[in-house]
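Novice: sequence unknown, structure follows:
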């Protein structure tokens, strides 16, 4: 009986003001046809989230997470009711629903709750009444009626989870860029929009700095194979489809270059080389609430080794302090750090089966005299930590070296 | 087992900014003792309600009432979570609850819902955990989980209804004035704050222009005899207690003078004097969405009579249009109007049993050559419609005439 559903998610910049909300309403109506239903997920208006957060921190240095969720969830409640009004003003029936009203049941981890299940009953009822359903993103409710939020970027997760629940034919993520690019077009003007990308590639892109979609939501979409279409709210142009895999995959190797500038490197020198020492170090560092990114430990030829790791630059002073305490405790040497490093990565699902990719990358950087300070690799990516001031140059060099500017080399 | 509860309600001006929220938190903590619990009701921060409303009207001339409730209820959700944070920052445990979370069940009349019942379970649980409970005012939830609001001033109603549910020993209404005055201190500098006032007097005060507390909430407090204390959020001074009746009542007559300036008068001349004609007129006028205040029809000595009525000035053009249509239909004469009139009233529960009060009022106005255009009376008030430009003068004259500036004449 029920029609196919298209889930559309509009981020904060897409609903930053009244005019944009009206534009989104028009866009939603263009998607609603007699043959399909539409469920829309919205984030809070523009800067609302930041403004609410600022108020809380003016009141308390350490506001209760339960009360933060109570506060922050209002942002999406405001935007979803306004969007429902805007759609109704254009002549189509619509209804806004909070996370609680939909029945987005989460666990009790305030500010970073996990969705346990979603009821489709209320949404289905509204869709059968030919209403467009607008759901407040980023929020849910616990079994005992407590309001929870899903963490920053949580509206993406709401959209993906609703697409799963409603067996949507597609989940469209509207953003202020036209899709996923081979690299940041602000750095490389020849950057090309990709027609398709795999979930795994997208996941690397997201966690390595291309902040188009929340990583957790991509993981869920990957697990349940939910088709995602990342596209611009300001253009009708097709964006990038995120797919499970692509038959043409073998033809390609590197799909994109990413760059994350806000990193710092810390090195603990002359660490006694005995079993368990690394565990001890990173256990203590995580206790200091520092989230460590890449870790590199070289093979040691003596009884001592150097251990380096990268952290978000905002965590650097905490990291240094923790590292110095640990160094003393384990009788290691001095702690060195480099505040201004960047991570430049190449990403591509077919990469591992192509020989020589890493060598090509390192050689391209060497030719431009760009010194590599650390290297780490994953199944579908290779990352180099380099000085921040040469990061953009490195991105341009790699983008060109792997022919990402040429359509024929990247047939998808 | 449970301790006596004090309900405190803080209006929008009391929580207009972060500093005031912190001050309210302090005030609440001063009320919380080992011997009693505190439940707080808050309105939306300062201008939030107006700002949200403005956004809605930018989107739609006629926004859906259901969506308005969804939107407007966020204002109180924001203020109650911030107040809970502020109290916790001062070291006492607190929890904010939305209308839905408390279980303030209403009917389905969006934007003007009526409370059907309130569950005390969740509040009691939190109070037993020694928490201060902060409830979002002005809002409730229907049996099918729709968010409703109680109309402007609805936070007062929430406070009174919670006081009833929790059998509170007092319901304190915090506002930006120090209590109920014999008249508006901005007009008469000798105006005195009353120590007590009856519910009926307060009801007349509220509906006649002294906008300290919502009329509906006073009606509920009156029906269930809930002790109300109207007082200032900026001062420790005792305010005015609203009580059922007062033994000393017989000693006094006039308790206060009120003035409502924004009225207009409309007269339909030469209305055929036959049964049912007044009903026809006011039925048609109410169909034009004009709310009529006082109606005066003089005894007629011919077969025609003049019918006058007052309306809010904002409704005047609608009222004239409706009156002209009706006049034609019923073959009445011309429609006259006076845009700028005011209603000046004297109020007092003991008034009716005191002879000559009305005559004293009329004489006092006549002595100052203030012409009375219409008169209406209720059980505990006498109102005169006069020209707006002499309204303040009339208030001063009456305040003096009835010795309201003298404490001994008003021993309570």
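Specialist: Cool, the structure landed. These figures come from a predicted structure and were not determined experimentally.
Novice: switch to C-alpha atoms for all contacts and neighbour counts from now on
Specialist: Will do.
Novice: how close does the residue of the stretch 251-400 of chain A found nearest chain B get to residue A:283?
Specialist: Using CA to the nearest CA, residue A:289 is the residue of the stretch 251-400 of chain A that sits closest to chain B, at 22.5 Å. As for residue A:289, its distance to residue A:283 is 10 Å (criterion: CA to CA, to the nearest Å).
Novice: Equivalent analysis for residue A:212, please.
Specialist: 31 Å.
Novice: more crowded one of the two?
Specialist: residue A:212 (21 against 11; other CA atoms under 10 Å in any protein chain shown).
Novice: doesn't residue A:175 make contact with that one?
Specialist: Yes: taking CA atoms under 8 Å as the definition, residue A:212 is a contact partner of residue A:175 at 7.2 Å.
Novice: if we can go back for a sec, mind checking how far the residue of the stretch 251-400 of chain A closest to chain B is from residue A:33?
Specialist: Per CA to CA, residue A:289 is found 50 Å from residue A:33.
Novice: Residue A:245 now?
Specialist: Counting by CA to CA - residue A:245 and residue A:33 are separated by 30 Å.
Novice: Parallel or antiparallel, list what pairs with the helix or strand harbouring residue A:340.
Specialist: Using DSSP states H and E, residue A:340 sits within strand A:335-347. Counting by DSSP bridges, the strands paired with strand A:335-347 are strand A:256-272 (antiparallel), strand A:381-387 (antiparallel).
Novice: give me every residue that touches the nearest residue to residue A:262 once chain neighbours are set aside.
Specialist: Once flanking residues are discounted, residue A:262 sits nearest to residue A:313: 5.4 Å by CA to CA, 6 or more residues apart in numbering or on different chains. Residues in contact with residue A:313 (CA atoms under 8 Å, 6 or more residues apart in numbering or on different chains) are A:262, A:263, A:264, A:339, A:340.
Novice: Give me the phi and psi angles of residue A:313.
Specialist: Per-residue torsions, residue A:313: phi -60, psi -30 (degrees, to the nearest 10).
Novice: mind checking pLDDT for it?
Specialist: The model reports residue A:313 with a pLDDT of 92.
Novice: Please report the distance of it from residue A:231.
Specialist: 31 Å.
Novice: Likewise for residue A:368?
Specialist: In terms of CA to CA, residue A:368 sits 35 Å off from residue A:231.
Novice: Please say which of the two ends up with more neighbours.
Specialist: residue A:231 (23 against 12).
Novice: Doesn't that one lie inside a strand?
Specialist: Yes: under DSSP: H, G, I helix; E, B strand; the rest coil, residue A:231 sits within a strand.
Novice: mind giving me the domain split of chain A?
Specialist: If you go by automatic domain parsing, the domain ranges for chain A are A:5-176, A:256-409.
Novice: from the chain's centre, how far out does the shortest one sit?
Specialist: In this view, domain A:256-409 has its centroid 20 Å away from the chain centroid, taken as CA atoms, centre = their mean, to the nearest Å.
Novice: And residue A:245 and residue A:33? Which one has more around it.
Specialist: Shown here are residue A:245 and residue A:33; by other CA under 10 Å, residue A:245 has more neighbours (14 against 9).
Novice: Could you pull up the residues touching the residue in the stretch 151-300 of chain A that chain B sits nearest to?
Specialist: Residue nearest to chain B within the stretch 151-300 of chain A: residue A:151 (17.9 Å; CA to the nearest CA). Contact partners of residue A:151, counting by CA under 8 Å, 6+ apart, are A:111, A:112, A:113, A:138.
Novice: what's stretch A:188-199 in contact with?
Specialist: By CA under 8 Å, 6+ apart, stretch A:188-199 touches A:178-185, A:218-219, A:221-222, A:239-246, A:349, A:395-396, A:399, A:404-405, A:412.
Novice: can you do 7 Å?
Specialist: Contact with stretch A:188-199 is made by A:179-185, A:218, A:222, A:239-245, A:396, A:405, A:412, as judged by CA atoms under 7 Å, 6 or more residues apart in numbering or on different chains.
Novice: ranges for the strands of the stretch 251-400 of chain A?
Specialist: A:256-272, A:292-297, A:304-312, A:335-347, A:374-378, A:381-387 (DSSP state E, counting those that start in this stretch).
Novice: Present those strands as JSON lines; the columns should include mean neighbour count.
Specialist: Formatted as JSON lines, the strands of the stretch 251-400 of chain A follow (neighbours: other CA atoms under 10 Å in any protein chain shown):
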{"stretch": "strand A:256-272", "mean neighbour count": "22"}
{"stretch": "strand A:292-297", "mean neighbour count": "15"}
{"stretch": "strand A:304-312", "mean neighbour count": "20"}
{"stretch": "strand A:335-347", "mean neighbour count": "22"}
{"stretch": "strand A:374-378", "mean neighbour count": "15"}
{"stretch": "strand A:381-387", "mean neighbour count": "24"}
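Novice: Reformat these as TSV; add distance to residue A:328.
Specialist: Shown next, in TSV, are the strands of the stretch 251-400 of chain A (distance: least, CA to CA, whole Å):
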stretch	distance to residue A:328
strand A:256-272	10
strand A:292-297	19
strand A:304-312	15
strand A:335-347	10
strand A:374-378	24
strand A:381-387	27
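Novice: Spit out the contact partners of residue A:176.
Specialist: By CA under 7 Å, 6+ apart, the neighbours of residue A:176 are A:13, A:232, A:233.
Novice: 10 Å - rerun?
Specialist: A:10, A:11, A:12, A:13, A:14, A:212, A:230, A:231, A:232, A:233, A:234, A:235 (CA atoms under 10 Å, 6 or more residues apart in numbering or on different chains).
Novice: again, but for residue A:109
Specialist: Taking CA under 10 Å, 6+ apart, one finds A:65, A:66, A:142, A:148, A:149, A:150 in contact with residue A:109.
Novice: my read: the first one touches residue A:73, true?
Specialist: Pointing back at residue A:65 there. No: assessed by CA atoms under 10 Å, residue A:65 is found out of contact with residue A:73, at 11.9 Å.
Novice: who has more neighbours, those two?
Specialist: Comparing residue A:65 with residue A:73 by other CA under 10 Å, the one with more neighbours is residue A:73, at 28 against 16.
Novice: residues in contact with the nearest residue to that one once chain neighbours are set aside?
Specialist: In this structure, residue A:73 finds its nearest non-sequential neighbour in residue A:139, 6.2 Å apart by CA to CA, 6+ apart. By CA under 10 Å, 6+ apart, residue A:139 lies in contact with A:43, A:69-70, A:72-74, A:76-77, A:98-100, A:104-106, A:111-115, A:147-151, A:154-155, A:157-158.
Novice: Take the residues you listed and keep only those in strands.
Specialist: Mapping the contacts of residue A:139 onto strands (DSSP state E) picks out A:104, A:105, A:106, A:115, A:147, A:148, A:149.
Novice: How is residue A:40 assigned, secondary-structure-wise?
Specialist: strand.
Novice: ok, it - contacts?
Specialist: A:6-10, A:24-25, A:28, A:80, A:83-84, A:96, A:132-137, A:159, A:162, A:171-172.
Novice: What mean pLDDT does the longest helix seen in chain A get?
Specialist: Ranked by residue count, the top helix of chain A under DSSP state H comes out as helix A:65-89. Helix A:65-89 shows a mean pLDDT of 97 in the predicted model.
Novice: Centre of the chain to it, how far?
Specialist: Computed by CA atoms, centre = their mean, the chain-centroid distance of helix A:65-89 equals 22 Å.
Novice: what angle do it and helix B:65-89 make?
Specialist: Between helix A:65-89 and helix B:65-89, the angle comes out at 160 degrees (axes from the mean of the first three to the mean of the last three CA atoms, to 10 degrees).
Novice: ok now stretch A:90-99, how far from the chain's centre?
Specialist: 28 Å.
Novice: nope, stretch A:106-122 is what I meant
Specialist: Per CA atoms, centre = their mean, the centroid offset for stretch A:106-122 relative to its chain is 20 Å.
Novice: swap in stretch A:100-113?
Specialist: With CA atoms, centre = their mean as the basis, stretch A:100-113 stands 20 Å off its chain's centre.
Novice: tell me which residues in it are buried?
Specialist: Residues A:100-108, A:110-113 are the ones in stretch A:100-113 that count as buried (16 or more other CA atoms under 10 Å in any protein chain shown).
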